[in-house]
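**Q** Return a 3D structure for these sequence lines:
(one chain, ligands or ions: 1)
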Amino acid sequence: MSKVLIVGTIGLDTIETPFGKKPEIIGGSAVHAAVAASFFAQPAIVGVAGTDFPEEHLTFLRSRGIDTSGINILAGETFRWSGFYEYDMNQAHTRDTRLNLYATFDPQIPETLRATAYVFLANLDPDLQLKVLDQLKGPKLVAMDTMDFWIKNKREVLHKVIKKVDVVLMNDGEARQFMETPNLPLAANRLLELGTKLVIIKKGEHGALLFSRDNHFAAPSYPQDQLRDPTGAGDSFAGGFIGYLAKSYDLSEQNIRRAVIVGSVMASFNVEDFSLNRLKQLKHKEIVERFAAFRRFTEFAAI
Ligand code: AMP
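**A** Coordinates of the predicted model:
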């Protein structure tokens, strides 16, 4: 099975949505991405968790075939994020971010994982993302994600990361904030000018846009009436996207478009329940069916 290296947070989230409040549930950017990617490839997570991180969560990750040998368990507290959503569930509001062990984390990619072909730098301190990039040996494709927290605090470092990766994923609000324009195609062009080859702008319940220098592709979102918790949708999108690319080993325009739809499919399942509850139940057959639904509702005849 193709491998995907995923570096990001391993966390415990406290989340409130109009559908309920859940304290201390398994989350983190690397965790959401890896679980989504595990439906297509073998992800390996590199990150840090404290001795307070429940063992059952690690057991679950391993049960999905995820390589957890790069997860350092250290004395101290696990990363924690607390946030809430109002009726506009596209917009996460952060109550509290506690980096805890991530404040001093020095990511060391195990020797066995340094030559992994497909790499996802999930939402993480961009200084740490740079340290990871320096350790990679000839990756075929590196994608990265970020969020408002890092755009606000580490704008200059983010520029450096973007120069070195192939795919930048951001949500619409972050792309506008980072590129200082309300216009999304303009924001995408500015990101491309920084040096990345592809830009994917995620628009929550309004789908996703893919930009390269020569092409543009718009993916719709799934008309989701089961939305309960959008946390991790972006990471599930990224995990599905890169997991599928690793599995198919094909970076043609057509296949990248397919991967964008696979990402959209995985995000659409993730939001149906809190934390990883929906992905824990997900069957491959459901992924195939939803992919087909995306094809049906985006097909139209020539004029
Ligand atoms: P998203 O896909 O954007 O909804 O990502 C949600 C996940 O990101 C949550 O499970 C959080 O634990 C994690 N997260 C929140 N804030 C940060 C941050 N500043 N850096 C890294 N990960 C974060």
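**Q** contacts, neighbours, all on C-alpha from now
**A** Will do.
**Q** What's the local residue count around Ala218?
**A** Neighbour count of Ala218, defined by other Cα atoms under 10 Å: 16.
**Q** most centrally placed residue in the chain?
**A** When Cα atoms, centre = their mean is applied to the chain, the residue found nearest the centroid is Asp235 (2.3 Å).
**Q** Secondary structure element holding that residue?
**A** helix 233-248 (DSSP states H and E).
**Q** That helix: how far from the chain's middle?
**A** Its chain's C-alpha centre and that of helix 233-248 lie 8 Å apart, by Cα atoms, centre = their mean, to the nearest Å.
**Q** who are the neighbours of it, in terms of helices and strands?
**A** Under the contact criterion of 3 or more Cα pairs under 8 Å, 6 or more residues apart in numbering; DSSP states H and E, helix 233-248 touches strand 3-7, helix 29-37, strand 118-121, helix 253-270.
**Q** that older thread, could you find the closest non-adjacent residue to the residue nearest to the centre of the chain?
**A** Nearest residue to Asp235 in three dimensions, chain neighbours excluded: Ala33, at 4.6 Å (Cα to Cα, 6 or more residues apart in numbering).
**Q** List the residues that contact the one you found.
**A** By Cα atoms under 8 Å, 6 or more residues apart in numbering, Ala33 lies in contact with Ile6, Ala122, Gly232, Asp235, Ser236, Phe237, Ala238, Gly239, Gly240.
**Q** how many neighbours does the closest residue to the third one other than its chain neighbours have?
**A** On the basis of Cα to Cα, 6+ apart, the spatially nearest residue to Gly232 that is not a chain neighbour turns out to be His32, at 5.7 Å. By the measure other Cα under 10 Å, the count of residues near His32 is 30.
**Q** need the contact list for His32.
**A** By Cα under 8 Å, 6+ apart, the neighbours of His32 are Gly232, Asp235, Ser236, Gly239, Leu276.
**Q** Please read off the pLDDT at the second one from the model.
**A** On pLDDT, Asp235 comes in at 97.
**Q** Please verify my assumption that it contacts Ala122.
**A** Yes - with contact defined as Cα atoms under 8 Å, Asp235 counts as touching Ala122 (7.2 Å).
**Q** Show me where this structure has its helices.
**A** 29-37, 55-63, 126-135, 148-153, 155-164, 172-179, 184-193, 233-248, 253-270, 277-281, 284-296 (DSSP state H).
**Q** Can you mark which positions in the shortest one are buried?
**A** Within helix 277-281, the residues scored as buried using 16 or more other Cα atoms under 10 Å are Leu279.
**Q** Mind giving me the packing neighbours of it?
**A** helix 253-270.
**Q** Which other helices and strands does the helix it packs on contact?
**A** Taking 3+ Cα pairs under 8 Å, 6+ apart as the contact cut, helix 253-270 packs with strand 208-211, strand 216-219, helix 233-248, helix 277-281, helix 284-296.
**Q** So which of the ones you listed is the most surrounded?
**A** helix 233-248 (a mean of 28; mean count of other Cα atoms under 10 Å).
**Q** now the angle from that helix to strand 3-7?
**A** Angle, helix 233-248 to strand 3-7, by axes from the mean of the first three to the mean of the last three Cα atoms, to 10 degrees: 150 degrees.
**Q** is the ligand contacted by helix 233-248?
**A** Yes - using Cα under 6 Å from any ligand atom, helix 233-248 comes into contact with the ligand via Ala233, Gly234, Asp235.
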